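> have a look at this prediction, sequence included:
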Amino acid sequence: MRLFADGLAYVQSPIFDSWEKQIVLVNDNLSKLDGFDVTKMARELPQYKQIFIIMMSMGITEEEIIHAFKVGIDDFLNRPFNLRVLQAYMERVIERFSDDDEPIL
């Protein structure tokens, strides 16, 4: 399993076309390629079910949240966030998204 925190780096990496399980953290508002763009691209891949996408956002509206779920975001993290809470959250996501026989990160 791979973890990416930069949507542009993710799309430009060879892992983008991989069938490995992936957890991708995307930002809702970036200048070159935002989380919505990355999600749309990832959801067009044949292996889209292997990709769990979490959007980090601050001050997102209800309509934007609905739009994000419609384009394929799996979950949200509100910014700013406490690092200990983020760690606990990511451990839970990794646990749920991992197979028993697959190493975790």
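Received, thanks. Numbering: from 1, shown residues only.

> partner residues bridging the residue positioned nearest the centre of the chain?
By C-alpha atoms, centre = their mean, the chain has its centre lying nearest to Ile53, at 2.4 Å. Following DSSP bridges, Ile53 is listed with bridge partners Val24.

> does it touch Phe36 like I think?
No - counting by C-beta atoms under 8 Å, Ile53 does not reach Phe36; the two are 10.3 Å apart. In this view, the C-beta of every residue, glycine as well, is placed from N, C-alpha and C.

> re the thing from before, quick one: the residue nearest to the centre of the chain from Arg43, how far?
8 Å (C-beta to C-beta, to the nearest Å).

> quickly list what's touching both of these two.
Here Ile53 and Arg43 share the contacting residues Gly72, scored by C-beta atoms under 8 Å, 6 or more residues apart in numbering.

> have a look at the chain and report its longest helix.
Using DSSP state H, we find that the single longest helix of the chain is helix 83-97.

> for the record, mean pLDDT for that one?
Taken as a whole, helix 83-97 has an average pLDDT of 87.

> so which elements touch that helix?
strand 22-27, strand 51-57, strand 75-78 (3 or more C-beta pairs under 8 Å, 6 or more residues apart in numbering; DSSP states H and E).

> noted, bye for now.
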